[in-house]
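J.: Sequence and predicted structure below; questions after.
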Amino acid sequence: MSLDPHGDLVVLLRALVDVESVSGNETALADQVESALQGHEHLEVLRDGDTVIARTHLGRPERVVIAGHLDTVPVAGNLPTSLAGDRVYGRGTCDMKGGVAVMLAVAVAATTPPRDLTWIFYDHEEVEASANSLTRIASERPDLLVGDFAVLMEPTSAKVEGGCQGTLRFTVTTKGKAAHSARAWMGHNAIHDLAEVLAVLRDHEPEQPVVDGLRYHEGLNAVAVTGGIAGNVIPDTATVSVNYRFAPHRSLADAEHYCRSLLPDHDLTFTDGAAGARPGLDVPAAATFVDAVGGEPSAKFGWTDVARFSALGVPAVNFGPGDPSKAHADDEFCPIDELYTCRDALLRWLDRPA
Ligand SMILES: N[C@@H](CCC[C@H](NC(=O)CCC(=O)O)C(=O)O)C(=O)O
């Protein structure tokens with residue numbers, strides 16, 4: 001089935017979601033998005049890997065980038081979509097194909113916007129920062145990301161969420177000595193030694209700092225544990241993987257330093273990290289957007305490419321349909337009314353002179 005960006009938003013959302021696009025498997029969906037955008041005279045459509053970019057060239061004084069990712073976290077028995085009351089359920093409905101549906105609808109509807117627009121539908125957002133297609137595009141075609149302001153259509157319950165928290169991953173490995181579990185005293189159990197690390201994580205009190213008026217909420221959590229080779233062998237090695245979510249007053253280097261300070265007796269191996277972004281809602285372009293779409297801004301707890309645009313010097317906000325607390329949940333859904341709220345808010349903002 002092809003995508004009809006001029007049609008009903010719920011049909012469009014369901015069609016987007018029913019093309020499974022777990023990170024690394026975005027090609028089929030990118031093909032459909034590209035076809036849906038082609039043939040619109042006001043849009044130049046480009047393809048870069050599994051990223052589709054559509055741009056207006058109207059000679060406006062301002063250019064705004066509106067971006068959304070096509071990939072999702074792994075499916076958990078929640079495809080194909082289902083409709084229940086005023087909600088569309090299914091993997092990606094909330095994070096973030098609701099936003100992608102709104103982007104497609106507004107991209108084709110806004111033929112003469114007062115600002116030039118760059119619509120970016122990109123791949124590999126839900127995985128390590130190095131795989132994110134915007135990392136490649138920023139280095140190979142930075143011109144494609146140029147703008148005076150950016151909107152990331154991540155789930156925000158149709159209200160602006162400012163900035164984003166950073167994310168850092170590290171592992172801690174303990175070493176022991178293998179032995180027969182019937183003679184455990186001959187060995188040393190590496191899994192038991194993880195208890196010390198796990199206790200620090202369990203007892204850690206996450207901070208909730210206010211940054212530029214918005215309250216963030218940090219988190220330090222074990223996300224995986226490995227160790228053990230058989231049911232009768234004392235494990236000689238064990239590893240815990242940890243994810244630290246940090247508020248945007250800390251840099252990535254500060255975050256690493258903080259984690260080391262919590263576990264001074266252990267070697268931490270940092271495996272992935274991406275800094276967050278301060279809200280920046282006092283920048284005029286952001287303030288105009290907040291005023292046009294309405295609602296009280298709050299903080300974005302997840303990591304989003306607002307961080308990338310901010311680092312590139314492009315002020316950016318998150319705004320899209322779907323309750324972010326349902327992102328990645330098995331019962332992920334998008335409320336239908338928020339699709340229309342976001343579409344109408346974007347059109348209202350685009351009605352205002354730049
Ligand atoms: N490179 C990062 C990518 C993770 C992106 C993901 N973002 C969201 O879920 C945004 C939705 C939200 O929470 O509001 C995340 O934060 O995990 C990484 O690998 O961590």
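T.: Now that the structure is in, tell me what you want to look at. Residues are numbered from 1 along each chain as shown.

J.: State the pLDDT value of Met1.
T.: If you check Met1, the pLDDT there is 70.

J.: do the same with Pro315
T.: 96.

J.: now it: how far from the ligand?
T.: Counting by CB to the nearest ligand atom, to the nearest Å, the gap between Pro315 and the ligand amounts to 19 Å. Every C-beta, even on glycine, is put in place using the N, C-alpha and C of the backbone.

J.: show me what contacts that residue?
T.: Contacts for Pro315 were tallied using CB atoms under 8 Å, 6 or more residues apart in numbering; they are 148-150, 280, 283, 285-286, 309.

J.: Where strands are concerned, which of those count?
T.: Taking DSSP state E as the definition of strands, the contacts of Pro315 contribute 149-150.

J.: Next up, phi/psi of the residue of the chain most remote from its centre, please.
T.: With distances taken from the mean C-alpha point of the chain and given as CA atoms, centre = their mean, the most distant residue is Arg183, at 48.5 Å. Phi and psi for Arg183, reported as degrees, to the nearest 10, are phi -130, psi 60.

J.: Likewise for Ala54?
T.: Main-chain torsions, Ala54, degrees, to the nearest 10: phi -120, psi 130.

J.: cool, and Gly227?
T.: When quoted as degrees, to the nearest 10, the phi and psi of Gly227 stand at phi 160, psi 150.

J.: In this model Thr237 seems to touch it, though I could be wrong.
T.: Yes - the pair Gly227 and Thr237 passes the contact test of CB atoms under 8 Å, sitting 6.3 Å apart.

J.: shared neighbours, the two?
T.: Shared contacts of Gly227 and Thr237 (CB under 8 Å, 6+ apart): Ala190.

J.: Return the residues of the stretch 51-200 of the chain in contact with the ligand.
T.: Contact residues of the stretch 51-200 of the chain with respect to the ligand, defined by CB under 6 Å from any ligand atom, are listed as 95, 125-129, 154-155, 167.

J.: Among these, which ones are in strands?
T.: Using DSSP E, the members of those that fall in strands are Thr167.

J.: Local confidence estimate at Asp351?
T.: Asp351 carries a pLDDT score of 88 in this model.

J.: Contacts only, for Gly219.
T.: Taking CB under 8 Å, 6+ apart as the criterion, Gly219 is in contact with 206, 243-245.

J.: Of these, just the buried ones, ChimeraX syntax please.
T.: Those of the contacts of Gly219 that meet the burial criterion (16 or more other CB atoms under 10 Å) are gathered into one ChimeraX selection, given here:
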select :244,245
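
J.: hmm, which two among the contacts of Gly219 are most spread apart?
T.: Looking at the contacts of Gly219 by CB to CB, the two members farthest from one another are Pro206 and Asn243, with 12.1 Å of separation.

J.: which residues are in contact with both of those two?
T.: Both Pro206 and Asn243 are contacted by 219-220, under the criterion CB under 8 Å, 6+ apart.

J.: hang on, the earlier thing: just the buried ones from the residues of the stretch 51-200 of the chain next to the ligand?
T.: Judged by 16+ other CB under 10 Å, buried ones among those: 95, 125-126, 129, 154-155, 167.

J.: Kindly reformat the residues you listed as TSV containing pLDDT.
T.: Supplementary listing: those in TSV, determined by pLDDT from 0 to 100:
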residue	pLDDT
Asp95	98
Glu125	97
Glu126	97
Ala129	89
Glu154	98
Pro155	98
Thr167	97
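
J.: Could you pull up phi and psi at the most centrally placed residue in the chain?
T.: Nearest to the mean C-alpha position of the chain, counting by CA atoms, centre = their mean, stands Thr304 at 4.1 Å. Reported as degrees, to the nearest 10, the phi and psi values for Thr304 are phi -140, psi 170.

J.: Please report how far it lies from Ala275.
T.: For Thr304, the distance to Ala275 equals 12 Å [CB to CB, to the nearest Å].

J.: now do Val102
T.: If you measure Val102 against Ala275 using CB to CB, the figure is 27 Å.

J.: Neighbour count: the two, which is higher?
T.: Applying other CB atoms under 10 Å to Val102 and Ala275 shows that Val102 carries more neighbours, namely 31 against 23.

J.: Report the secondary structure state of that one.
T.: Three-state assignment for Val102 (DSSP: H, G, I helix; E, B strand; the rest coil): helix.

J.: if we can go back for a sec, going through the contacts of Pro315, which ones are buried?
T.: For those, burial is judged from neighbour counts taken by 16+ other CB under 10 Å, and it is met by 148-150, 280, 283, 285-286, 309.

J.: ok, these vs Val160, which is closest?
T.: Minimum distance to Val160 across the buried ones among the contacts of Pro315 is 8.1 Å, recorded for Ala286 (CB to CB).

J.: In the stretch 251-354 of the chain, mark out all the strands, start to finish.
T.: Shown for the stretch 251-354 of the chain, the strands assigned by DSSP state E, counting those that start in this stretch span residues 268-274, 298-299, 316-318, 333-335.

J.: so can I have a markdown table of those strands showing distance to Lys177 and mean neighbour count?
T.: Shown next, in a markdown table, are the strands of the stretch 251-354 of the chain (distance: least, CB to CB, whole Å; neighbours: other CB atoms under 10 Å):
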| stretch | distance to Lys177 | mean neighbour count |
| --- | --- | --- |
| strand 268-274 | 21 | 16 |
| strand 298-299 | 47 | 21 |
| strand 316-318 | 49 | 31 |
| strand 333-335 | 50 | 26 |
